[in-house]
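Q: how does the following fold in three dimensions:
(6 chains)
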Protein chains: 6
Amino acid sequence: VPLVVVKMIEGRTVEQKRRLAREITDVVMRVTNVTEDHVDVIIEDYSRENWAKAGTLFADK
Amino acid sequence: VPLVVVKMIEGRTVEQKRRLAREITDVVMRVTNVTEDHVDVIIEDYSRENWAKAGTLFADK
Amino acid sequence: VPLVVVKMIEGRTVEQKRRLAREITDVVMRVTNVTEDHVDVIIEDYSRENWAKAGTLFADK
Amino acid sequence: VPLVVVKMIEGRTVEQKRRLAREITDVVMRVTNVTEDHVDVIIEDYSRENWAKAGTLFADK
Amino acid sequence: VPLVVVKMIEGRTVEQKRRLAREITDVVMRVTNVTEDHVDVIIEDYSRENWAKAGTLFADK
Amino acid sequence: VPLVVVKMIEGRTVEQKRRLAREITDVVMRVTNVTEDHVDVIIEDYSRENWAKAGTLFADK
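A: Numbers count the residues shown, from 1 in each chain, chains lettered A, B, ... in the order given. Here you go, the predicted structure:
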């Protein structure tokens, strides 16, 4: 409360995930006036055969 | 915008995912009058131990 | 099983939702070889102040 | 209808998932007056590098 | 952590939601060995024109 | 791609949503090296009777 879900193509490093979690949490705290222990960030990685844009899988682009 | 998420049991081939992405995108374009570059399709595969129907995991059926 | 979630900006008519549900179900049946009673389609409408692209809410575009 | 999605850190055993599915289904049946074949339970496992609380990934705690 | 999302057709009373939240939380605590303050339950209500089974909106059944 | 979903209790102002969308988009661009037109942010508001923590609805706290 709040909970943030980030859906993206797999391949980001742990360091990138660490920064996403830290910096998105900071934004949510600052804008919604909650303390950081109220913020969860979940990252969902998708393989390139599981995400399509404009009807074409990223695996086929 | 729109975004379509398809949740299903794992095991579909890439060709099936390719067709799902293509044909669902075509439906969404036609019905909602958007161009194809506005449509994302995400596929979420679940293992048989992570989906239950009527209280029983598919892994146990 | 499968379950399809369509996220889009509010404002579509019931007839458009009816067609989306019918035609997406048909695609999923045909491509994944399940009978139609196994397919659920859920539509999630978002107000224009709840969806942003490129950092800008649709309400502000 | 209803559909229950359980998001949690990976590492639960199949027996724990089996019990979650069975017991959550029983709760939903009892409280909402549906038969068990109307209830789906989906479990989503997240790795410790994909979930952060208070800005810190579980992988770093 | 864990987080449970219950998707269902609108129309349940607050008392039913209260019981769902309480009893699902109890199941999750017992099965996964977490304390109750770690469990969130979110309920998502869908109108009958936003959920279809077997290709037909509940609004049309 | 990426897509960010923010789930929170209803009651935030449009200005808060505007800032969330803008600042989360900036974080995602900077950390994952994508241009801003690739980032979508969706906000999901929940009423206080649809979110429970520790087994108790926010409506009852």
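Q: which parts of chain A sit against chain E?
A: With the criterion set to CB under 8 Å from any CB of the partner chain, chain A comes near chain E through A:1, A:3, A:40. For glycine as for every other residue, the C-beta is placed from the backbone atoms N, C-alpha and C.
Q: restrict these to those near chain D?
A: Residues of the residues of chain A next to chain E in contact with chain D (CB under 8 Å from any CB): A:D40.
Q: which one of the residues of chain A next to chain E is nearest chain F?
A: Nearest to chain F among these, counting by CB to the nearest CB, is A:L3 at 4.5 Å.
Q: strands of chain A, residue ranges please.
A: Secondary structure of chain A by DSSP state E: the strands cover A:3-9, A:40-46, A:51-53, A:56-57.
Q: for B:I9, which of those strands is the nearest?
A: Of all the strands of chain A, strand A:40-46 sits nearest to B:I9, with 16.7 Å by CB to CB.
Q: quick one: mean pLDDT over the closest one.
A: Averaging pLDDT along strand A:40-46 gives 98.
Q: and the angle for that strand with strand A:3-9?
A: Counting by axes from the mean of the first three to the mean of the last three CA atoms, to 10 degrees, strand A:40-46 lies at 20 degrees to strand A:3-9.
Q: any residue of strand A:40-46 touching chain C?
A: No. Strand A:40-46 is not in contact with chain C by CB under 8 Å from any CB; minimum separation 13.5 Å.
Q: check which strands are paired with that strand and give the direction for each one.
A: Partners of strand A:40-46 in the sheet, by DSSP bridges, are strand A:3-9 (parallel), strand D:51-53 (antiparallel).
Q: export the ones you listed to TSV and tack on mean neighbour count and distance to F:Q16?
A: Shown next, in TSV, are the strands paired with strand A:40-46 (neighbours: other CB atoms under 10 Å in any protein chain shown; distance: least, CB to CB, whole Å):
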stretch	mean neighbour count	distance to F:Q16
strand A:3-9	22	14
strand D:51-53	23	21
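Q: let's have those in JSON lines, adding mean pLDDT.
A: Shown next, in JSON lines, are the strands paired with strand A:40-46 (pLDDT from 0 to 100):
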{"stretch": "strand A:3-9", "mean pLDDT": "98"}
{"stretch": "strand D:51-53", "mean pLDDT": "98"}
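Q: mind putting those strands into JSON lines with distance to D:R12?
A: Compiled in JSON lines, those are given as follows (distance: least, CB to CB, whole Å):
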{"stretch": "strand A:3-9", "distance to D:R12": "20"}
{"stretch": "strand D:51-53", "distance to D:R12": "14"}
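Q: residues from chain A in reach of chain D?
A: Counting by CB under 8 Å from any CB, the residues of chain A that sit close to chain D are A:14, A:17-18, A:21-22, A:25-26, A:36-37, A:39-45.
Q: out of those residues, grab the one that's most surrounded.
A: Within the residues of chain A next to chain D, most neighbours by other CB atoms under 10 Å in any protein chain shown means A:A21, with 29 neighbours.
Q: out of the strands paired with strand A:40-46, which comes closest to F:W51?
A: strand A:3-9 (9.5 Å).
Q: need the residues that contact that closest one.
A: Residues outside strand A:3-9 that contact it (CB atoms under 8 Å, 6 or more residues apart in numbering or on different chains): A:20, A:24-25, A:28, A:39-48, A:51, A:58, B:42, E:3, E:40, F:1-8, F:24, F:28, F:32.
Q: can you do 7 Å?
A: Strand A:3-9 is contacted from outside by A:20, A:24, A:28, A:40-46, A:48, A:51, A:58, B:42, E:3, F:1-7, F:32, using CB atoms under 7 Å, 6 or more residues apart in numbering or on different chains.
Q: ditto for stretch A:33-48
A: So stretch A:33-48 is contacted by A:1-10, A:17, A:20-21, A:24-25, A:28-29, A:57-59, B:42, D:7, D:46, D:50-55, E:1 (CB under 7 Å, 6+ apart).
Q: let's go with 6 Å and repeat that
A: Residues outside stretch A:33-48 that contact it (CB atoms under 6 Å, 6 or more residues apart in numbering or on different chains) are A:1, A:3-7, A:9-10, A:17, A:21, A:24-25, A:28-29, A:58-59, D:50-55.
Q: equivalent analysis for stretch A:13-21, please.
A: A:41, A:43, D:49, D:52, D:57, F:31.
Q: need the max-distance pair from those residues.
A: Maximum pairwise distance among those (CB to CB): 14.4 Å, between D:E49 and F:V31.
Q: who's more crowded, these two?
A: Neighbour comparison, D:E49 and F:V31: the larger count goes to F:V31, with 21 against 18 (by other CB under 10 Å).
Q: how much space between that one and chain C?
A: Relative to chain C, F:V31 is positioned 14 Å away (CB to the nearest CB, to the nearest Å).
Q: what does A:A54 give?
A: Between A:A54 and chain C the computed distance is 15 Å (CB to the nearest CB).
Q: hey, what's the closest residue to chain C within chain A bridged with?
A: Residue of chain A nearest chain C, by CB to the nearest CB: A:K7 (11.1 Å). As for beta bridges, A:K7 partners with A:E44, F:L3 under DSSP bridges.
Q: the closest residue to A:T25 other than its chain neighbours: what's it in contact with?
A: Spatially, and ignoring its direct neighbours in sequence, A:T25 is nearest to D:G55 (3.7 Å; CB to CB, 6 or more residues apart in numbering or on different chains). D:G55 makes contact with A:22, A:25, A:36 under the criterion CB under 6 Å, 6+ apart.
Q: ok, D:G55 to chain E distance?
A: Distance from D:G55 to chain E, by CB to the nearest CB: 14 Å.
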